[in-house]
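Novice: my questions are about this predicted structure, shown below with the sequence.
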2 protein chains.
Amino acid sequence: MKVLVVGANGQIGKHLVSFIQDSDHLEAKAMIRNQEQASFFEDLGAETAVVDLEQDIDTIAKAAEGVDAVVFTAGSGPHTGKDKTIMVDLDGAVKTIEAAKTAGVKRFVMISSFDTTREAIQEAPSSFAPYVAAKHYADEWLKGTDLDYTIIHPGLLTNDEGKGQVEAAVKVERGEVPREDVARVIAATLENDSTIGKEFQLVTGTTPVKDAVDSL
Amino acid sequence: MKVLVVGANGQIGKHLVSFIQDSDHLEAKAMIRNQEQASFFEDLGAETAVVDLEQDIDTIAKAAEGVDAVVFTAGSGPHTGKDKTIMVDLDGAVKTIEAAKTAGVKRFVMISSFDTTREAIQEAPSSFAPYVAAKHYADEWLKGTDLDYTIIHPGLLTNDEGKGQVEAAVKVERGEVPREDVARVIAATLENDSTIGKEFQLVTGTTPVKDAVDSL
């Protein structure tokens, strides 16, 4: 199963490509913004495609041609300019979704934010609300398609070393989760079709990743 | 026919409430952000409702209770902070749409931007693209509902005195249009149910407003 990782050069993305390349069933194609980012992925034996998320749907679709799944883990992050919030977190995500459809790729895994409900937009501090709103509309767009989607809602991301144990469910207590463990969960999600059509929150915990994903 | 004007204190909104109050068939309810803005509308004999678009759907829905149509003409404008672009132009619009549904109001007139297609987002200068994207997603949200919508795409807005003559069609040459004439077109749209389910671009022209709207 070949997986296009959109946002591969991000911290979750790099862990993910690494786990994918280690897996027997998966291989990665890393979508990166410029050629200088390629060597990290080439060293892992992964294919690369140089595409900026601000390019058009057809350009993104070319990168998605021939893959079996797309993972969207690009993000401007909550602290970039709000123009990037709408152009990357919302419009970049929607263009990637449409590109998957154009390329005939059915499987789509979205890395969202912990809580992207209407209530969460309303309750968010005003500096954070635009990011939550962008992620909300991207998630809603995906749910309106007939793609085989899974939406993962990680808690507060840390750079701690992953411990391979998490808590994953529709609703969990707010908490932290290492980016490395988010990447592990994405890889496990790709290998488990019973996650299709589901969305779940994810924090660090005590259940091995595979068991946590299998029990969703 | 009672019309909730969302964004009544904007320049189009003020003209619109005035035209509505002059009409034999329409009456306005002006949705405004604070009580200090009320006197202008009270002087026109219009009802007011004090609601901030950043409040929740139920609060907006209360303002929409008992009206027959909602007009969304609020806008952060293309030059406010991009956080307002997503929170007002997109999320404020979507909340107003959802509020209309909650209140059981079927008729909805959206004041959009001249070109909110996918291509327009892609071609817009980077400072303007987030605004176009926000309007795009708001329009898409509205088209996904079963409301009796009309989407008006005005050209470059000016404060020139309206001349009551416009050009309106699915596609027209890019041009200017006085805010006063946009307001006239909104009022004419509210009085013509054959505009339901349609969207059109609007610039200044040579056809009297009523004829231009009737020929859509």
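Specialist: Great, that's in hand. Numbers count the residues shown, from 1 in each chain, chains lettered A, B, ... in the order given.

Novice: now do stretch A:5-25, average pLDDT.
Specialist: The average pLDDT within stretch A:5-25 is 97.

Novice: again, but for stretch A:185-196
Specialist: Averaged across stretch A:185-196, pLDDT comes to 98.

Novice: end to end, how far does that stretch reach?
Specialist: Separation of the first and last residues of stretch A:185-196 by C-alpha to C-alpha, to the nearest Å is 14 Å.

Novice: what do you get for stretch A:85-97?
Specialist: Terminal residues of stretch A:85-97 are spaced 17 Å apart (C-alpha to C-alpha).

Novice: burial of A:G164, as a residue count?
Specialist: Neighbourhood size, A:G164 [other C-beta atoms under 10 Å in any protein chain shown]: 15. Where C-beta positions appear, they are placed from N, C-alpha and C, glycine not excepted.

Novice: right, and the helix or strand after the least confident helix or strand in chain A by mean pLDDT?
Specialist: Across the helices and strands of chain A, the lowest-confidence element by mean pLDDT, DSSP states H and E is helix A:82-84, at a mean of 75. With elements assigned by DSSP states H and E, the helix or strand that comes after helix A:82-84 is helix A:91-103.

Novice: so what touches that next one?
Specialist: The contact list for helix A:91-103 (C-beta atoms under 8 Å, 6 or more residues apart in numbering or on different chains) reads A:6, A:53-54, A:56-58, A:60-67, A:70, A:72, A:74, A:106, A:108, A:110, A:137-138, A:141-142, A:145, A:147, B:121, B:133, B:137.

Novice: give me the buried entries from those residues.
Specialist: Neighbour-count burial (16 or more other C-beta atoms under 10 Å in any protein chain shown) is assigned, among the contacts of helix A:91-103, to A:6, A:53-54, A:56-57, A:60-61, A:63-64, A:67, A:70, A:72, A:74, A:108, A:110, A:137-138, A:141-142, A:147, B:121, B:133, B:137.

Novice: among the residues you listed, which lie within strands?
Specialist: Among the buried ones among the contacts of helix A:91-103, the members falling in strands are A:6, A:70, A:72, A:108, A:110 (criterion: DSSP state E).

Novice: about what we covered before: in helices, which of the buried ones among the contacts of helix A:91-103 appear?
Specialist: Of the buried ones among the contacts of helix A:91-103, the ones assigned to helices by DSSP state H are A:57, A:60-61, A:63-64, A:137-138, A:141-142, B:121, B:133, B:137.

Novice: wait, which of these is closest to B:E176?
Specialist: Minimum distance to B:E176 across those is 22.0 Å, recorded for B:I121 (C-beta to C-beta).

Novice: who's in contact with that closest one?
Specialist: Neighbouring residues of B:I121 by C-beta under 8 Å, 6+ apart: A:91, B:129, B:132-133, B:136.

Novice: thought A:I196 was touching A:I151?
Specialist: No - using C-beta atoms under 8 Å, A:I196 is not in contact with A:I151, being 10.9 Å away.

Novice: more neighbours: which of the two?
Specialist: The neighbour comparison of A:I196 against A:I151 (other C-beta under 10 Å) goes to A:I151, with 22 against 15.

Novice: mind putting the ones in strands among the buried ones among the contacts of helix A:91-103 in CSV, distance to chain B included?
Specialist: Formatted as CSV, those follow (distance: C-beta to the nearest C-beta, whole Å):
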residue, distance to chain B
A:V6, 18
A:V70, 19
A:F72, 17
A:F108, 19
A:M110, 16
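
Novice: in stretch A:66-86, which residues are buried?
Specialist: A:67, A:69-76, A:78, A:82-86.

Novice: using pLDDT, spot the least trustworthy of those.
Specialist: Within those, pLDDT is lowest for A:P78, at 58.

Novice: near chain B, which residues of chain A? Just list them.
Specialist: For chain A, the residues in contact with chain B (C-beta under 8 Å from any C-beta of the partner chain) are A:56-57, A:81-83, A:85-87, A:90-91, A:94, A:118, A:121-122, A:126-127, A:129-130, A:133-134, A:137, A:144.

Novice: just to revisit the earlier point, of the contacts of B:I121, buried ones?
Specialist: So, by 16+ other C-beta under 10 Å, the buried ones in the contacts of B:I121 are A:91, B:129, B:132-133, B:136.

Novice: OK, contacts around the most far-flung residue of chain A relative to its centre?
Specialist: Farthest-out residue of chain A from its mean C-alpha position, per C-alpha atoms, centre = their mean: A:S126, at 24.4 Å. Remark: with contacts taken as C-beta under 8 Å, 6+ apart, A:S126 is in contact with B:83, B:87.

Novice: and the pLDDT at it?
Specialist: Per-residue confidence (pLDDT) for A:S126: 89.

Novice: for it, grab phi and psi.
Specialist: phi -60, psi -20 (degrees, to the nearest 10).

Novice: just the element for the closest residue to A:A168 other than its chain neighbours, please.
Specialist: Closest residue to A:A168 in three dimensions, ignoring its sequence neighbours and counting by C-beta to C-beta, 6 or more residues apart in numbering or on different chains: A:A212, at 4.4 Å. Per DSSP H and E: A:A212 is located in helix A:209-214.

Novice: what lies in contact with that helix?
Specialist: Here helix A:209-214 has contacts from A:164-168, A:181, A:184-185, A:188-189, A:192, A:194-195, A:205, using C-beta under 8 Å, 6+ apart.

Novice: next step: these restricted to helices.
Specialist: In helices, defined here by DSSP H, the members of these are A:181, A:184-185, A:188-189.

Novice: among the residues you listed, which one lies nearest to chain B?
Specialist: When those are ranked by distance to chain B (C-beta to the nearest C-beta), A:T189 comes first, at 26.7 Å.

Novice: the closest one and A:K198 touch, don't they?
Specialist: No - assessed by C-beta under 8 Å, A:T189 is found out of contact with A:K198, at 9.1 Å.
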